[in-house]
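> Provided below are the primary sequence and the corresponding predicted coordinates.
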Amino acid sequence: MHYDKVTRLLHWGFALLIPLQLLSEELMKRPKPGRIRTESQAFFFDMHEWVGMLALTLVLMRLTWALMSKEASWSRLFPYFSSESRQLLPSRLKDEMAGWLKGKFAETGQQSPVSGIVHGLGILLVLALGITGAVMLYGMEESGAMLGLVHLAKETHEFLGELLWIYIIAHVGMAILHTLLGHPVLRRMFFFKDKRADNGE
């Protein structure tokens, strides 16, 4: 599959921002009544907030681009939102998963419904993290106290953060597997020139 330049740029953005988010999460301490934080802990907390808002902006741009672009198709990322795609999805998934049992993995692209769905779920996961993070950012008191909806957002945000670790590990692992199988997924996503796509392959 050929990825357009906008999709690649946005993917570059995610590849840079999400590791920064995960790193800052490990190094920060959020404000809490009675808690004393070091300067570095406070710095990484602020970094986590604003990098998170940048990631939320990127994911909203990615969703908008999916609606506007045929190459970055909305129906490929979210086939379960379309009645026509939902009807075709079971047979396509069955065909692809049958290959897994034989050790064959379809090259990511239009022929792989699993690839599109996995990317779509990743986008929704980052969106949910961004929204819950924004609720915390703008609803948390200066002391770090959180009540009601803000506290629920915090609990949800932390749970989704654990899911993001799992997703990133699996996503990178599958990219490596596809590369070992000879599928040029990394080249097609991260480099603007795809000679195979340009040659019609």
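Structure's in. What do you need? Numbers count the residues shown, from 1 in each chain.
> and the helices in this protein, which stretches?
Secondary structure of the chain (DSSP state H): helices at 5-27, 39-68, 74-77, 83-100, 113-139, 148-180, 185-190, 195-198.
> which one of those lies closest to residue 33?
Nearest to residue 33 among the helices of the chain is helix 148-180 (13.4 Å), distances taken as C-beta to C-beta. Just so you know, the C-beta spots here come from the backbone N, C-alpha and C atoms, and that holds for glycine as well.
> which parts of that closest one are buried?
Neighbour counts over helix 148-180 (16 or more other C-beta atoms under 10 Å) mark 150, 153, 154, 156, 157, 160, 161, 164, 167, 168, 174, 178 as buried.
> quick one, that helix and helix 39-68 angle?
Per axes from the mean of the first three to the mean of the last three C-alpha atoms, to 10 degrees, the angle that helix 148-180 makes with helix 39-68 is 70 degrees.
> remind me what helix 148-180 packs against, helices and strands.
For helix 148-180, the contact count by 3 or more C-beta pairs under 8 Å, 6 or more residues apart in numbering; DSSP states H and E identifies helix 5-27, helix 113-139, helix 185-190 as packing neighbours.
> pick the most deeply packed of the ones you listed.
Burial among the helices and strands packed on helix 148-180, expressed as mean neighbours by mean count of other C-beta atoms under 10 Å, is greatest for helix 113-139, which shows a mean of 18.
> re the thing from before, make CSV from the helices of the chain and add distance to residue 33 to it.
Compiled in CSV, these are given as follows (distance: least, C-beta to C-beta, whole Å):
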stretch, distance to residue 33
helix 5-27, 21
helix 39-68, 15
helix 74-77, 42
helix 83-100, 49
helix 113-139, 16
helix 148-180, 13
helix 185-190, 45
helix 195-198, 56
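> what about the residue nearest to residue 119 when sequence neighbours are not counted, how many neighbours?
Using C-beta to C-beta, 6 or more residues apart in numbering and skipping residues adjacent in sequence, the residue nearest residue 119 is residue 77, 5.8 Å away. Neighbours of residue 77 under the rule other C-beta atoms under 10 Å: 21.
> residues contacting residue 77?
Neighbour list for residue 77: 66, 116, 117, 119, 120, 123 [criterion: C-beta atoms under 8 Å, 6 or more residues apart in numbering].
> swap the cut-off to 6 Å and go again
Contacts of residue 77 were listed using C-beta atoms under 6 Å, 6 or more residues apart in numbering, and they are 66, 116, 119, 120.
> circling back: lowest average pLDDT across the helices of the chain?
Taking the mean pLDDT of each of these, the lowest value is held by helix 195-198, a mean of 44.
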